[in-house]
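Asker: Predicted coordinates and the sequence they were generated for:
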Amino acid sequence: MAQPQASEGDRTGKPPLRIGMVGYAFMGAAHSQGWRTAGHVFDLPLSPELAVICGRDADAVRAAADRHGWAGTETDWHALVERDDIDLVDICTPGDSHAEIALAALAAGKHVLCEKPLANTVAEAEAMARAAHQAAGRGQLAMVGFNYRRVPATALARRMVAEGRIGTLRHVRVAYLQDWLVDPQFPLTWRLRREQAGSGSLGDLGAHIVDLAQYLAGEQLAGVSALTETFVRERPLPSAPSSGLAAVSASGTGQVTVDDAALFTGRFASGALASFEATRYATGRKNALRIELNGERGSLAFDLERLNELEFHDGTEPAAHAGFRRILVTEPDHPYLEAWWPPGHGLGYEHTFVHQARDLVHAVAEGRAPEPSFADGLQVQRVLAAVEESAEKNSVYTPIAA
Ligand code: SOE
């Protein structure tokens, strides 16, 4: 790969990393903010440049470019990935186009960032991981966007597990609860169609918690037993493409072809046990991702709705004054926080995308494989496939394919 050159007018004097992004809805907005902000907060080796944003509707993509700060637009992703003034393609589309775009971008010599879940099927994810492996030999990087690894508190939890602060892991308890589908009149958006989304709460929320649990545990699941359910099987058709999680219904109805909720237990390679819950029907829960890790020496607990905090119980302390304590994760020596605000001035959801951009820019500049890689994304995909297989067989324990 040619090394990027400093572009004319780049105020930082640093070589640019020219981004081409496909998609501009919820995740497109979140990634835009990440790319736009990373270089203003962190001292990066390359300067991310919001070069071109791509979407099929010319007016809508122009409006998105203006709103999010992109210099140019394209209406055909094939044209975007072939452009020689783009270094990295960022894929923020529904899962049914991830594989095609990523494979084309890698073939065209670009680095790739792909939103989660990596793909809609294991076969697609395998092709993507294979292509990423080959592209790595040509100096190209490929990363999957599991952004919750980049909350300072989860990154701190990972550090503490790796340091042995909770000792040998025994249990992981994780749930990702939302409630935006509780209303049976909520329209049948792409997220409820298998051909577009791959699966429902499983791929959307379950993918996050499988990745996060494995990342924090520092090991992989060996097998799962699962139940899935679709509570509302027919919904009104939407009147227009949805933006974010909102949608408006029109006349007519259609079949929901994905799961509404997925519950599963799992066994880690070490023998530690885990329970997982992913649902869009937890009335009152908006974006409630909670994880607790219990080890021989202590426990850690994190709640995304209180994302500047990490709970820690040090089991080696005398029982008389031991107990869970709250670590306020806003200190400069906590992950990512050296560049942000004074202690006590917390961060939010969008900062995970800033951190994602920061880490990927460093990886590109240093020629280092980014994490989570496409191989990591493939492994999560295999867990999701095992969950579906187990649920089809009424919870039969299903090993994760190697
Ligand atoms: C919707 O459930 C959603 O936007 C997911 O698609 C995201 O990955 C998650 O971060 C928030 O919820």
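Answerer: Nice, I can see it.

Asker: what's the distance between the closest residue to the ligand within the stretch 151-300 of the chain and V232?
Answerer: For the stretch 151-300 of the chain and the ligand, the shortest gap (Cβ to the nearest ligand atom) falls at D204, measuring 4.7 Å. Using the backbone N, CA and C atoms, a C-beta is placed for each residue, glycine as well. With distances taken as Cβ to Cβ, to the nearest Å, D204 is found 16 Å from V232.

Asker: When those two are compared, which one has more neighbours?
Answerer: Per other Cβ atoms under 10 Å, whichever of D204 and V232 has more neighbours is D204, with 22 against 16.

Asker: Phi, psi for that one please.
Answerer: Backbone torsions for D204, taken as degrees, to the nearest 10, come to phi -80, psi -50.

Asker: With adjacent residues omitted, what lies nearest to V172?
Answerer: Spatial nearest neighbour of V172, chain neighbours left out: A274 (4.0 Å); criterion: Cβ to Cβ, 6 or more residues apart in numbering.

Asker: Ignore what I typed, I meant L192.
Answerer: V256 (4.8 Å).

Asker: quick one: contacts for that neighbour?
Answerer: L188, L192, R193, G200, T230, V232, R233, E234, R235 (Cβ atoms under 8 Å, 6 or more residues apart in numbering).

Asker: Now do A175: how many residues are near it, please.
Answerer: Using other Cβ under 10 Å: A175 sits among 20 other residues.

Asker: where along the stretch 201-350 of the chain do the helices fall?
Answerer: Here the stretch 201-350 of the chain has its helices, by DSSP state H, counting those that start in this stretch, at 201, 207-217.

Asker: Including distance to G95 and mean pLDDT, could those go into JSON lines?
Answerer: Shown next, in JSON lines, are the helices of the stretch 201-350 of the chain (distance: least, Cβ to Cβ, whole Å; pLDDT from 0 to 100):
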{"stretch": "helix 201", "distance to G95": "14", "mean pLDDT": "98"}
{"stretch": "helix 207-217", "distance to G95": "10", "mean pLDDT": "98"}
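
Asker: Could you identify which of those is most buried?
Answerer: When those are scored by mean count of other Cβ atoms under 10 Å, the highest mean neighbour count falls to helix 201 (a mean of 28).

Asker: Mind giving me the packing neighbours of that one?
Answerer: Of the remaining helices and strands, none touches helix 201 by 3 or more Cβ pairs under 8 Å, 6 or more residues apart in numbering; DSSP states H and E.

Asker: That helix near the ligand anywhere?
Answerer: No: Helix 201 lies out of reach of the ligand by Cβ under 6 Å from any ligand atom, never closer than 7.8 Å.

Asker: contacting residues around that helix?
Answerer: With contacts defined as Cβ under 8 Å, 6+ apart, helix 201 is touched by Y176, Q178, V258, D259, D260, A261, A262, A278, T279, R280.

Asker: Many thanks, I have nothing further to ask.
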